[in-house]
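J.: Take this sequence and fold it.
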Amino acid sequence: MRYELEKYFSDPCESSGLLIAEAPTGYGKTYETIQAIYQYIAKGGSAQILFVTNLLKNLPADELRNLYEKNGRAPLFEKEVLVLSSAASSVEKAILTEKIPSEFQTDAYLELLSACQKKKRYQEQFGEAGKEITKDLGNQIREKLEPRFRHELEVHLQKTFPGGAGPRRDAIRNKEKYKWMAKFYPSIFWTEYKVLLLSVKKLMARNISVVEPSFECLSERMLKNKIVCIDEFDASRSVILDSLIDRALDLRADYLQLFLQVYRGAITHQISRELETVRKSYEADRTLTWERLLKEAQDIYQEGALYYSMKTVDTAIDKGRNFLFHDTSYHTVLDGNRTHIRAVCNQTEAQVQIHFEEKDEYYAHQDEPRIILQNLLRRIHVFLQRFQRYVYGWAESYAKLVNAGRQQAEDLYTIAAATESIFRQFDLTSEQTRLMSEELTDSKGGRSLQDVMAPDLSFYETGFRLFEFIDDDHHRAQTYFQYLQMRNTPENVLLYLCCQAKVVGLSATAAVSTVLGNYDLKYIKEQLKEHYHELSDETKASIQRGLETLWRPYKEGQIQVKLQVIDRGKDHLVLSERLGDIFSRETLAQKYIHRFTALGAEEYVQKRYCNILEAMKAFWTHSDIRAFLCLNQVLPVPEKRAMDENLLRDALKDLQCVYAPQTVGEMVILRSGDQFEESKDHLLQELQGGAKRFVLSSYQTLGAGQNLQYPIQDLSNLVTLNAEYDEIDPRFQKKDFDALYLGDVTHSVVNLNEDGPLSAQGLMKFCFQVECLYENDEISYRTLNRLLKDGIGRFSGRRPLNAFAQSILRQSNSVHGQITRDVIQAVGRMGRTFLKNPSVYLFTTEKTLYDLDLACLNGRILSPEMEALLKARTDLGNRETCIDYTHNEAERKATRGNAYILRMLNVDWTEETMALWKGLRQTVLQYPRAGLDVLNENPIIRTYYIPLAQDRHCYFYAQKGDFSEVILSFDQDKMQFTASLPEGLSPSTVSEEDARLAQILLYPGLKEHFIHHGWATEFGTDPYIMSPVLFQNIYKGALGEVAGKFILEKELGLTLQEIGDPKKFESFDFGADGDLFFDFKHWKWNMQVEERPMREKVLKKVDAVGGKRAFVVNLFSNGVSRPSCSNDGRLIEVPGILLPTGQVDQSALNYIRRFLL
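T.: All right, here's what the predicted structure looks like:
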């Protein structure tokens, strides 16, 4: 592996990308990588390398130091390798040993020193008893004391050395007075090191160097053209997710108040002359102008009646919590049985009143004027994004202006500071300014043309937003819209990393197919394209050969894996029989029956206890087991029904008395938390001394990266694996555990069955998990909606779970993939060293075995222990799956297509974006159905076309809320599909017949016109077809445009011109001499349209483009409706110009002709 890594590091043709370096635990991935890093540096490699891991204790500083020493370069190690820890952590270590000049021993320094001394004293003297005090001291140091001291240093350095970071670094390097600062803040010289060792948490934080403004580690400044090696790659996703959730929870705001403050600030505040001049210069020749932004905000303000406060009208006595969740569509999660939101402008009460209603009550008011709250929020969201992008460009120009006027010795004025300065001009609060700035940072600037042409509308890119309607006596006349957004995702972070640097993902399980515990590599691969790499077949074969050689003692019988499924064949036993079999004593069996009863343990909990007791029995009956690791989903706690620590300790002693009264042994519990490392080190010391220990822990506590091997002196009864001996390799001096129990893995997703409400962190994580499943087509939109309601309902403390949705969730392949990944990693705890007992024991349950995913295991390089599990799992047969990936994918694409079109229409029109919009219409006209070759080449077709069997000429769909949810049917007839639909939905068809393509082409000369332009004259039978929203909103519209233009030009002698002015683009389809404008429609004769709002909208557009008259012309006539004209003659409506026979409706043409004169 090391040679392939070296080659990747040194490849001059590859400056960024991702290499997945997967190999089983025991292969030595980290060691191979450290060797490659060292060789790259020794050979003069110029790129800085960041080695990133989840646990600070796993940073390979000692291994790298050994390589420097082994190669005679020990003095260079301190100069070339830096452990980049947090500022507080570095200061805590240095302040206790380093003396600093008296002038820096300020009150801030002395207070910080005192806190660090106290913390160390409490840790040493009180241990667990002083845990809370040391935690509080640590928080004080991190949040208050260290930042205050650091600020003093920064001010001093800025005043003393105003020439910027360079002179300050020189002073700290060369002057005795300042050298101590490098001990306190090693990151001062971060650019000068060749290797940076850091945690994933640090990667998600800021780099603080004292000599210059701090900046995000996740930035171009830190990452551009670097090499980033991520150890335990798949486990990094969870750490990144936690960081993103914490950041999101720290940025809550009232969404409407945020918009109103931006709007009022923009309307009323007079910005400085300097900023105004910069703004005017910035927006020159840009289509998005300040005036356009203000007009957009004014329209939202007026049409949403935001001059009034919004207030919920809830007559329920027991009021619950109400939410709106938004991904690419809105999901309502309301209290009780209410499902709909109705907002009404009540001028009498001077309020916008919000009603939460059941379906029948809502539809009883459907003809009354109302504000569509979801549309209002969507418009505000689009406006704020456009406003942010405008401010970012404005800030770039402002920073350039300020820096042009500064002396070379002065610090640069950053875009971040300029952005904040501009936001504050609108009187935003500190919280609002931080929210707008953070979201702008997350969005990484503006959109590229690629984003517009084929935007990434996956959940990984768009995230989600949660709105809660908050009522409180402190704002009794107004409802707050608390806004919580997860703008970023781990996949998005990884993509950013891979676009900046060469990334290596090191893991034993990175490619296990689960979007719950691993990165979605299918998505990552699609986004990175040729920059995504896996180890070559040659390297994989080499790894396999090496491991087969290493594991030869297993094959030769020197080491035997003894697997026992401890509950197999015991389902028929009643509890007394099962316990009698375990204890071989009737009195003890009765004792634990009473204990279970007293705890109130359900039957499944009783079975869990019995399985663990079986493992304890094996611990005592096998004298060659000294170290037994027992893993379960939950950890023991005294008096806890699901896992009572007192009961387990008593049982271990009772079993000892029965089966090994002369043997000494104890139970140890390893829990995550502040004392974990100390507890683990104490355990390993005991095992080193020959103690016999039964260790209880959880899968989560001992996941990826945890090492449980321990030194051993007596090697006489051990077998050494077939590896070349290396005296400095610790794998020859340490030993793995002898036995492992794999209990049931029950919570691969956030557990909604816990007592009490779900935490905000738990809700965010649950929403993330189910969105990942939907993105991976493992659940349908309807199941997603039900699961979101489950999670938000549990967060609000109410609402029973949807049993059907929960069942679908448990059956998903990613749940089984996650279980498989957890088991592989757990078994990996037994494969860290080269010293083994002749017998290696594995114990598990039938459920754990059955939950393993064969598809994840077959074809992988597996350790002998995992091979034993695979064989046992294979004997059980395949697990049935009911997931229809193809159908789920089709419905997801169909539902998301509307968001794609809305995003296209919300771009700033330029020559390029207008061409892309026209290109979309050309694509659907040319390919109503498409083959695989076209699909692979065209991103629009690849993303928004769906599969259809070649022998089918149509499919059916039903849509809710303007394509916010789409239900598809490929194999039913229309009657069957109609019968299967929820109440209120009706079927529609996607087909050549529904588009009336053949009828359109009956008009003389039109078919030849289509052929000339390369447009399809029939749908054909290719295997992919337009999704419903493309068919209904783009294809039909494009048909109407091109056919209508051809007919009117031929019949009336008109010259209709495409609109090329970006300010007028898409207001109408075509313009003609005399300031006339034309819009063509391809509506069915029975299509229902609210006439008054539509007419008002068209007339507003006529005013906006400076037009004299607009013609709205439908393609097909029903032979009944007649053309009409507005009172002022500015709007002409023509219900049809073409008869079903392909002949024109002469009366309609004559009517149009009258208004052309």
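J.: Can you give me every residue that contacts Arg873?
T.: Contacts for Arg873 were tallied using Cβ atoms under 8 Å, 6 or more residues apart in numbering; they are 849-850, 852, 854, 857. The way it works is simple: take the backbone N, C-alpha and C, and place the C-beta from them, glycine included.
J.: Is it part of a helix or strand, or is it coil?
T.: helix (DSSP: H, G, I helix; E, B strand; the rest coil).
J.: how close does it get to Pro730?
T.: 33 Å (Cβ to Cβ, to the nearest Å).
J.: do Ile49 as well
T.: 23 Å.
J.: what does Cys217 give?
T.: Going from Cys217 to Pro730 by Cβ to Cβ gives 31 Å.
J.: what's next to the helix or strand harbouring Leu506, contact-wise?
T.: Counting by DSSP states H and E, the element that carries Leu506 is strand 502-507. For strand 502-507, the external contacting residues (Cβ under 8 Å, 6+ apart) are 5, 8-9, 14-22, 29-30, 33, 47, 226-235, 494, 497, 704.
J.: Tell me where the protein is predicted with low confidence.
T.: Along the chain, the parts satisfying pLDDT under 70 run over 127-130, 315-319, 409, 439-455, 703-705, 961, 1085-1091.
J.: Show me which helix runs longest in it.
T.: Counting by DSSP state H, the longest helix found in the chain is helix 373-404.
J.: roughly how far out does stretch 960-971 sit from the chain middle?
T.: Here stretch 960-971 is found 25 Å from its chain centre; the criterion is Cα atoms, centre = their mean, to the nearest Å.
J.: Quick one: end-to-end distance for it.
T.: End-to-end distance of stretch 960-971: 21 Å, with Cα to Cα, to the nearest Å as the criterion.
J.: before we move on, what about stretch 134-145?
T.: The straight-line separation of the ends of stretch 134-145 (Cα to Cα) is 14 Å.
J.: What are the buried residues along it?
T.: Under the neighbour-count criterion of 16 or more other Cβ atoms under 10 Å, stretch 134-145 has 134, 137-138, 140-142, 145 buried.
J.: And for stretch 775-793?
T.: Judged by neighbour count using 16+ other Cβ under 10 Å, the buried positions of stretch 775-793 are 775-781, 783-793.
J.: quick one: which of these sit in helices?
T.: Using DSSP H, those in helices are 775, 781, 783-793.
J.: The nearest residue to Ser536 once chain neighbours are set aside: what's it in contact with?
T.: Spatially, and ignoring its direct neighbours in sequence, Ser536 is nearest to Glu4 (6.2 Å; Cβ to Cβ, 6 or more residues apart in numbering). Counting by Cβ under 8 Å, 6+ apart, Glu4 touches 21, 535-536, 539.
J.: Any of those residues buried? List them.
T.: Restricting the contacts of Glu4 to buried positions leaves 21, 535, 539, with burial counted as 16+ other Cβ under 10 Å.
J.: Show me what the first one bridges to in the sheet.
T.: Okay, so that is Ala21. Assessed by DSSP bridges, Ala21 has beta-bridge partners Leu506.
J.: ok, it - contacts?
T.: For Ala21, the contact set (Cβ under 8 Å, 6+ apart) comprises 1, 4-5, 29, 33, 504-507, 535.
J.: most neighbours, which of these?
T.: Neighbour counts for the contacts of Ala21 peak at Val504, which has 28 neighbours (criterion: other Cβ atoms under 10 Å).
J.: of Cys217 and Pro730, who's got more company?
T.: Each of Cys217 and Pro730 has its neighbours counted (other Cβ under 10 Å); Cys217 has more, 22 against 15.
J.: any idea how far the more buried one is from Gln500?
T.: Distance, Cys217 to Gln500, by Cβ to Cβ: 11 Å.
J.: what is in contact with those two at once?
T.: Leu223.
J.: so who does Lys131 touch?
T.: Lys131 makes contacts with 674-675, as judged by Cβ under 8 Å, 6+ apart.
J.: Mind telling me what element it is part of?
T.: Assigned by DSSP H and E, Lys131 falls within helix 131-140.
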